[in-house]
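Visitor: this one's structure only:
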DNA sequence: CTGAAAGCGCTTACAG
DNA sequence: CTGAAAGCGCTTACAG
């Protein structure tokens, strides 16, 4: 029987200790690089670990040293649709997630994902449960009320993503305001468009709110008009963008010279709808996006947009959280710079393409 | 001071108990719905919990009752590329992941993601660490050697995805063989093509191996030739697919009537390369994929392919794992049916389109 | 350098 | 129905 006789239950540090002929304290020290065990001790422990295939129990470690080495991340995601047509929204979250993941890995943390469907009940309970299993929490946008976030934050460090800072919690976001202002300046000053429309995102989104305010302020500063409001209300989806444009066109409304969309998805839908009516982009109407999702550069024409550093957003969220976890303090509102990506849908020539 | 006086350290069950004037045992029972506490007890506990904002510590619960309610999932993913051009590969993993997530959520489990970069060192240690923090492990394809999987599986239940069953571990996969056979029958019997080429995936992939064997066997059964081998070796990427086709064309080789690609990405690259040489799909050369990624139906022409039920794959992986965790036994090799999706790249007319 | 022992925050028989 | 106590598998002062 080549199989080493295994103790009954799951393997514990006691099994390793007895096999190596040392105390559990020594095993622990060797495994964690604490103290300076004698080489002989080290070797015997390591060998026993190898022979037994021992892996320390995470829960016990966590309980003992007060560190789980786990970040909780809760995103909201669509529910049952197996292959939704808005493929990209996924990708987007995925990129943020990757930023978190990469940064976490560097510190030996793993990521506990607690996703929540759009129409799930008791979201707060779910978030709390994830919080109980982690050293800190990264929350996407407005999943739970601000007061709940504050309460939760007294229990475990919390950073919100792309939201508005909430008392007690930390926040990391992109500079929507500056991005939108750069975009407006490009359209108004470089192209001379003086009539813009803002095809909005979901009305309850802080991002949307920030972008709407920025476009209005900057347009005003340069003497341009901006159509905005109920008739222009989309929902961040391509379908929503198309719906708004169709509605506008059907009601016989004259479109502004440039349509600034709340995000790339919306721009995609808008361009579709315009194309169906025989309107050319950018000759008849210029269209811009926001996000710079991967397909943006492959559209016809390639989409002028604002790139948000999503991966850095994720990495920064972890960094801030980690700082709070390990030192007890962390920045409460980090703003990441965005970048104007000029392609052709604004009316620029192919040569000037941003990549 | 509306703020209730908070104990020094983090909140524990003792704080709740003393505030409610009961023992910690009662608090635990109320929280977990064990026993039948008196209504009065229940209420006082619940109120104390609410007032304090108490959330039980996951590590302590796990250690105490031997259940972490966490599934570990380890995928391999690309490393630093911020916005890779092969966007879809992501999505794909994401869909599997969603299946796992949905199924896990239903049982109150959360998902611990421990991703691994393609050129990360000590993958085994990482996988083991994740294993130590979870009740069970879902592993993508061949991340670590079979023997390591077997060893790990003696410690914690393991299910591998889309791989070959490994002793001790469980496995869930799609029916590559049947999918490829259906595809070949369609090409040979329905379209009458008797010369096929198999543009392969990574050579070390079990999936690729299974698909290659299936196409050879089925082609032979129906008297068709299949070109395969070194000159036809891709790597699952669009770039790889394009490279193979270009190489073939440059060497003056005559292409077979239909090119069966190892996956959709490869087909995408192949179609690009064919287009660049002025070859028409499907009139000059038919092309097929495998996977049915979301963009497949939007290609020109829409791609005929085999749909793998990725979300179910994930859900099934969890189900099998959960069964093992809770009952001690689970199926060791589950095969999920695939579906032939006939679109136009095989030569079928638009009307016959699968969705 | 190393071992015996306490303690991390829960759950759950075991008495009452 | 409820409380006192043991125990889950580790880590880490504290002695030696």
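Guide: Done, it's in. Just so it is clear, the model here is predicted, and its values are computed rather than measured.

Visitor: all contacts plus neighbour counts: C-alpha atoms, from now on.
Guide: Noted.

Visitor: List the contacts of residue A:35.
Guide: residue A:29 (CA atoms under 8 Å, 6 or more residues apart in numbering or on different chains).

Visitor: So it belongs to a strand, correct?
Guide: No: counting by DSSP: H, G, I helix; E, B strand; the rest coil, residue A:35 falls outside a strand, being coil.

Visitor: tally of neighbours for residue A:158?
Guide: 31 (other CA atoms under 10 Å in any protein chain shown).

Visitor: and it, backbone torsions?
Guide: Main-chain dihedrals, residue A:158, degrees, to the nearest 10: phi -130, psi 130.

Visitor: partners of the closest residue to it other than its chain neighbours in the sheet?
Guide: Distance criterion CA to CA, 6 or more residues apart in numbering or on different chains; nearest residue to residue A:158, sequence neighbours excluded, is residue A:137 at 4.7 Å. Residue A:137 forms beta bridges with residue A:72, residue A:158, as assigned by DSSP bridges.

Visitor: Can you name the residues of chain A sitting close to DNA strand C?
Guide: Applying CA under 7 Å from any atom of the strand, we find that chain A lies next to DNA strand C at A:21-26, A:35-38, A:40-42, A:60, A:63-66.

Visitor: of those, buried ones?
Guide: Burial by neighbour count, 16 or more other CA atoms under 10 Å in any protein chain shown: within these this picks out A:24, A:26, A:41-42, A:60, A:63.

Visitor: Also near chain B: which of the residues you listed, exactly?
Guide: Among those, the residues lying close to chain B (CA under 8 Å from any CA of the partner chain) are A:60, A:63.

Visitor: if I look at the residue of the stretch 201-350 of chain A found nearest DNA strand C, how far off is DNA strand D?
Guide: Closest approach of the stretch 201-350 of chain A to DNA strand C (CA to the nearest atom of the strand) occurs at residue A:325, with a separation of 15.1 Å. Here residue A:325 is placed at a distance of 15 Å from DNA strand D (CA to the nearest atom of the strand, to the nearest Å).

Visitor: Wait, that residue touches residue A:157, no?
Guide: Yes: in this structure, residue A:325 is within contact of residue A:157 by CA atoms under 8 Å, at 6.9 Å.

Visitor: Run through the residues that contact residue A:69.
Guide: Residue A:69 touches A:62, A:108-110, A:134-135, counting by CA under 8 Å, 6+ apart.

Visitor: Show me what from the stretch 201-350 of chain A comes close to chain B.
Guide: Counting by CA under 8 Å from any CA, the stretch 201-350 of chain A sits next to chain B at A:294, A:311.

Visitor: ok, and the closest non-adjacent residue to the residue of the stretch 101-250 of chain A found nearest DNA strand D?
Guide: For the stretch 101-250 of chain A and DNA strand D, the shortest gap (CA to the nearest atom of the strand) falls at residue A:108, measuring 13.5 Å. Excluding its sequence neighbours, the residue lying closest to residue A:108 (CA to CA, 6+ apart) is residue A:69, at 6.7 Å.

Visitor: mind pulling up the phi and psi values for residue A:335?
Guide: Residue torsions, per degrees, to the nearest 10, at residue A:335 are phi -120, psi 120.

Visitor: what residues are up against it?
Guide: So residue A:335 contacts A:172-175 (CA under 8 Å, 6+ apart).

Visitor: List the beta-bridge partners for it.
Guide: Note on residue A:335: beta-bridge partners residue A:173, judged by DSSP bridges.

Visitor: which residue ranges form the strands in the stretch 251-355 of chain A?
Guide: Using DSSP state E, counting those that start in this stretch, the strands of the stretch 251-355 of chain A run over A:258-261, A:286-288, A:305-307, A:333-336, A:339-341.

Visitor: Does anything pack onto the third one? Which helices or strands?
Guide: Packed against strand A:305-307 by the contact rule (3 or more CA pairs under 8 Å, 6 or more residues apart in numbering or on different chains; DSSP states H and E) you find helix A:176-185, strand A:339-341.

Visitor: quick one, which of the ones you listed is packed in tightest?
Guide: helix A:176-185 (a mean of 23; mean count of other CA atoms under 10 Å in any protein chain shown).

Visitor: Show me chain A divided up by domain.
Guide: Per the record, chain A has its domains at A:13-56, A:70-175+A:310-337, A:176-309+A:341-352, by automatic domain parsing.

Visitor: Distance from the chain centre to the last one, please.
Guide: Just to be clear, that refers to domain A:176-309+A:341-352. Centroid separation between domain A:176-309+A:341-352 and its chain, computed with CA atoms, centre = their mean, to the nearest Å, is 22 Å.

Visitor: The first one too?
Guide: On the basis of CA atoms, centre = their mean, domain A:13-56 is displaced by 41 Å from the centre of the chain it belongs to.

Visitor: same deal with the second one?
Guide: Average the C-alpha atoms of domain A:70-175+A:310-337, do the same for its chain, and the two points are 7 Å apart (CA atoms, centre = their mean).

Visitor: Could I get the average pLDDT for that domain?
Guide: The pLDDT scores in domain A:70-175+A:310-337 average 84.

Visitor: contacting residues for residue A:308?
Guide: Residue A:308 is in contact with A:174, A:290-292, A:337-339, counting by CA under 8 Å, 6+ apart.

Visitor: Quick one: buried ones out of those?
Guide: Buried among the contacts of residue A:308 (16+ other CA under 10 Å): A:174, A:290-292, A:338-339.
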